[in-house]
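Peer 1: Here is my input, please return the structure:
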Amino acid sequence: MKRAIVTGGAGLIGSEICRRLLAEGWQVASFDVHKGQGDAVDIQCDIGSEAAVDASFSQLGWDRVDLLVNNGGRTPSITMELAQSTLKDWNETIGSYLTATFLMSRRALPLMAEGASIVNMASTRAFMSEGGDFMYAAAKGGIVSITHALAIALGPKVRVNAIAPGWISGATELRAVDHSQHPAGRVGRPEDISEAVLYLEGARFVTGQVLIIDGGMTRKMMYAE
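Peer 2: Modelled structure (predicted):
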């Protein structure tokens, strides 16, 4: 049985990734500060803390990891003004996403055999912004960069790729305009991301890439009329 660790496994996207991997017959561990759902092994962990990550791997006790999905992080306000933001805000955002990706990948690597893979969760905000999302954009942009750097550093033994989700929602009550601004005709769903994780895990000739899952939004020119 293959084994996967999913950080942020209690959240919208993370819980769906856990669910889908479990359905495919994987053994799954969720690393999250919040209690996970379902049948995944629940490891409550601050993934931005070196001591917490080390303790959590010891608690898990696995001798092999086939897939690491670096999905977790504390989403900051995306309407924050630079003048009102603090260094604490910045450090918490960078720490929970980018530093966590480094810590988790470093700790998982000795447990990864030939053919294992890492999937990092970036964001379309690494490539486009609204202005108040500069900390989140910086963290996700760093994840894009560490993805290709690790792909070179760890290949050919371990493949490293990233997913950049666009608007992903679990809500059922969305407006028609929310869907229509996507060339694919709808807002994204968590299962769109779990499907991409499975693809990247099995795509043996794909490494160092960022798979944008956004219904085409980043390819659509938007001009006010």
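Peer 1: ranges for the strands of this protein?
Peer 2: For the chain, applying DSSP state E gives strands covering 3-7, 27-32, 41-44, 67-70, 117-121, 159-165, 210-213.
Peer 1: Look up the closest residue to Cys151, ignoring the ones flanking it.
Peer 2: Cys isn't right for residue 151; it's Ala. Gly208 (3.4 Å; Cβ to Cβ, 6 or more residues apart in numbering). Glycine gets a C-beta too; all of them are placed from N, C-alpha and C.
Peer 1: List the buried residues in the lowest-mean-pLDDT helix or strand in the chain.
Peer 2: Lowest mean confidence among the helices and strands of the chain (mean pLDDT, DSSP states H and E): helix 176-180, at a mean of 89. Within helix 176-180, no residue qualifies as buried by neighbour count (16 or more other Cβ atoms under 10 Å).
Peer 1: what about the residue nearest to Ala151, how many neighbours?
Peer 2: Gly208 has 15 neighbouring residues, counting by other Cβ atoms under 10 Å.
Peer 1: tell me the contacts of it?
Peer 2: Thr147, His148, Ala151, Ile152, Gly155, Val160, Asn161 (Cβ atoms under 8 Å, 6 or more residues apart in numbering).
Peer 1: could you dump these to CSV with distance to Ala51 and pLDDT?
Peer 2: Formatted as CSV, those follow (distance: Cβ to Cβ, whole Å; pLDDT from 0 to 100):
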residue, distance to Ala51, pLDDT
Thr147, 25, 98
His148, 29, 98
Ala151, 28, 98
Ile152, 29, 98
Gly155, 30, 98
Val160, 25, 99
Asn161, 28, 99
